[in-house]
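*Asks:* Let's see this in three dimensions:
(one chain, ligands or ions: 1)
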Amino acid sequence: TSVFAGVPEAPPDPILGLNSAFLADETPGKISLGVGAFRTDEGKPYVLPVVKRVEQQLAADPATNHEYLPIDGLPAFQKLSAELILGKDCTAMNEGRVVTSQALSGTGALRVGITFLARFLRTSGSPPAVYIPTPTWSNHRNIVPDAGLGDARTYRYLDATSGGVDITSMLADLSDAPKGSVIVLHGCAHNPTGADPSPAQWKEILTVVRERGLLPFFDNAYQGFASGDLDADAASVRLFADAGIDMVLSQSFAKNMGLYGQRIGALSVVLAAGTPDVAVAAKAVRSQLKAVVRPMYSSPPAHGARIAVGVLGDSANYAEWKKELAGMAGRIGDMRTALKAALDANGTPGDWSRIVNQIGMFSYTGLSAQQVAYLRTKHHIYMTSNGRISMAGLTTSTVQQVADAMKDAVE
Ligand SMILES: Cc1[nH+]cc(COP(=O)(O)O)c(/C=N/[C@@H](CC(=O)O)C(=O)O)c1O
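*Replies:* Numbering: from 1, shown residues only. Sure, this is the predicted structure:
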């Protein structure tokens with residue numbers, strides 16, 4: 001018999017595994033509120049018109065070929081992606097302190113970034129501890145150990161009563177982190193809670209990060225989805241970058257450009273201000289990022305990078321993209337309002353203001369794992385077991401059905 005006969009079955013992924021269960025469910029009227037992917041009010045995936053147009057231009061352009069990209073991706077993409085998150089007038093970029101590599105979307109940027117840190121981040125003799133918020137995106141817990149930094153530690157983040165950020169506990173936990181620890185932060189639209197620190201609270205977090213000599217790793221997967229404004233959603237990252245500290249950034253264009261399956265993202269390492277021979281240091285960092293990528297997947301796919309360059313690099317396309325992005329954020333906002341109204345009209349026990357106070361793609365409903373299971377088996381409504389709802393899974397024609405089912409589940 002095969003040597004693989006004894007391979008144990010891996011548990012289904014809490015998010016993506018849900019999708020396969022949903023697809024296997026043949027009940028008409030089933031509803032998926034699982035994966036954080038945008039859907040139109042008809043419940044369909046959405047290809048942004050500006051993306052479609054750029055693709056057509058690429059297809060018509062005789063210069064478009066299928067040659068390998070450089071190990072660290074398209075240089076034009078590196079620059080445009082870094083400018084998007086850091087701002088066009090970013091001092092760190094102007095001083096040559098930012099090293100950006102194309103990555104396999106947000107997940108790939110996190111994986112390569114953590115691997116790089118496992119090899120080179122040494123403020124104390126041993127590899128650094130990595131802190132992730134609790135709760136957080138479930139895959140953070142997988143990437144950190146797989147990338148060689150051992151099991152992630154957690155810092156408290158959510159005030160379960162208010163549904164907002166428990167800043168006191170968060171700052172206390174960060175203050176206890178050993179010097180040089182890596183702190184994973186959600187740049188905006190925290191997944192799954194939809195609760196973000198206020199600007200004043202970000203300043204408090206920065207103070208602790210600087211006092212403790214911690215290394216912030218900003219995961220930016222929803223820039224433009226939290227507020228609908230790209231610059232507002234980058235404010236936390238820019239506050240830290242302006243402080244002139246070492247930091248690492250991952251970016252994903254899966255959600256805000258609708259390029260989920262193109263796996264296009266970016267990883268940036270920002271070197272602290274005042275680094276002597278910064279050009280030498282930056283060159284060395286880039287060489288080591290490439291040394292991680294080459295044996296991992298050698299070089300990234302071209303199509304998504306070219307689309308992103310076409311959108312970000314042309315002022316008319318960029319303006320069109322901002323409008324379409326605001327439209328997506330707007331529809332999600334409409335679903336928040338509609339769901340809260342339906343829950344209130346139904347007299348559903350509980351305080352549902354969190355549905356409209358939270359931002360980004362998700363609502364953290366507070367439903368228990370049992371209530372989530374009940375919604376799945378009785379009502380064929382799918383959401384992650386932590387009670388997270390991907391609001392883009394709702395449409396004007398299904399909000400009432402979901403509200404009625406939630407009332408049934410909580411009574
Ligand atoms: C915070 C966060 N970071 C990174 C990613 C990675 O996305 P990528 O497609 O690699 O660019 C996701 C995806 N989140 C949604 C999809 C998933 O779980 O993969 C989700 O939470 O549903 C995040 O929510």
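*Asks:* Which positions are bridged to whichever residue of the stretch 301-411 of the chain sits closest to the ligand in the beta structure?
*Replies:* The ligand sits closest to Ser390 of the stretch 301-411 of the chain, with a gap of 6.4 Å, by Cβ to the nearest ligand atom. Glycine gets a C-beta too; all of them are placed from N, C-alpha and C. Under DSSP bridges, the beta-bridge partners of Ser390 are Phe362.
*Asks:* and the helix or strand hosting Arg306 with the ligand, contact?
*Replies:* Per DSSP states H and E, Arg306 falls inside helix 303-312. No - using Cβ under 6 Å from any ligand atom, helix 303-312 stays clear of the ligand, coming no nearer than 10.4 Å.
*Asks:* which helices and strands sit right next to that helix?
*Replies:* With contacts taken as 3 or more Cβ pairs under 8 Å, 6 or more residues apart in numbering; DSSP states H and E, helix 303-312 sits against helix 49-60, helix 75-86, strand 264-270, helix 315-345.
*Asks:* chain center to that helix, what's the gap?
*Replies:* Distance, stretch centre to chain centre, for helix 303-312: 19 Å (Cα atoms, centre = their mean, to the nearest Å).
*Asks:* what do you get for stretch 28-45?
*Replies:* The answer for stretch 28-45 is 19 Å, by Cα atoms, centre = their mean.
*Asks:* And it, end to end?
*Replies:* Taking Cα to Cα, to the nearest Å, stretch 28-45 runs 19 Å from one end to the other.
*Asks:* what does it contact?
*Replies:* Residues from elsewhere that reach stretch 28-45 (Cβ atoms under 8 Å, 6 or more residues apart in numbering): 15-16, 18-19, 22, 46, 191, 254-255, 258, 260, 328, 331-332, 361-362, 380-384, 389-398, 401-402.
*Asks:* from those, which would you call buried?
*Replies:* Listed as buried from these are 15, 18-19, 22, 46, 191, 254-255, 258, 260, 328, 331-332, 361-362, 380-384, 389-395, 398, 401-402; burial here means 16 or more other Cβ atoms under 10 Å.
*Asks:* which residues touch the residue in the stretch 151-300 of the chain positioned nearest to the ligand?
*Replies:* Using Cβ to the nearest ligand atom, Ser252 is the residue of the stretch 151-300 of the chain that sits closest to the ligand, at 3.1 Å. Contact criterion Cβ under 8 Å, 6+ apart gives Ser105, Gly106, Thr107, Ala109, Asn220, Ala221, Ile264, Gly265 as the residues in contact with Ser252.
*Asks:* filter those residues down to the ones near the ligand?
*Replies:* Near the ligand, by the rule Cβ under 6 Å from any ligand atom, you find Ser105, Gly106, Thr107, Ala221, Gly265 out of the contacts of Ser252.
*Asks:* which of those residues tops the neighbour count?
*Replies:* Neighbour counts for the ones next to the ligand among the contacts of Ser252 peak at Gly265, which has 31 neighbours (criterion: other Cβ atoms under 10 Å).
*Asks:* now that residue, which residues is it bridged with?
*Replies:* Under the criterion used (DSSP bridges), Gly265 bridges to Ala103, Ser252.
*Asks:* Mean pLDDT for the helices and strands packed on helix 303-312 - can I get that in JSON lines?
*Replies:* Formatted as JSON lines, the helices and strands packed on helix 303-312 follow (pLDDT from 0 to 100):
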{"stretch": "helix 49-60", "mean pLDDT": "98"}
{"stretch": "helix 75-86", "mean pLDDT": "98"}
{"stretch": "strand 264-270", "mean pLDDT": "98"}
{"stretch": "helix 315-345", "mean pLDDT": "97"}
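*Asks:* Now distance to Ala373 too, for those, in TSV please.
*Replies:* Putting those into TSV (distance: least, Cβ to Cβ, whole Å) gives the following:
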stretch	distance to Ala373
helix 49-60	37
helix 75-86	38
strand 264-270	33
helix 315-345	20
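*Asks:* Pick the most deeply packed of the ones you listed.
*Replies:* For the helices and strands packed on helix 303-312, average neighbour numbers computed from mean count of other Cβ atoms under 10 Å are highest in strand 264-270, which has a mean of 29.
*Asks:* and the following helix or strand past it, which residues are buried?
*Replies:* Per DSSP H and E, the first helix or strand lying C-terminal to strand 264-270 is helix 278-296. Buried positions in helix 278-296, judged by neighbour count with 16+ other Cβ under 10 Å: Val278, Ala281, Ala282, Val285, Arg286, Gln288, Leu289, Val292, Val293.
*Asks:* From the contact counts, what lies against helix 278-296?
*Replies:* strand 98-104, helix 105-120, strand 264-270.
*Asks:* make it 7 Å
*Replies:* Secondary structure elements in contact with helix 278-296, counted by 3 or more Cβ pairs under 7 Å, 6 or more residues apart in numbering; DSSP states H and E, are strand 98-104, helix 105-120.
*Asks:* Quick check: closest non-adjacent residue to Gln223.
*Replies:* Spatial nearest neighbour of Gln223, excluding adjacent residues (Cβ to Cβ, 6 or more residues apart in numbering): Asp233 at 4.6 Å.
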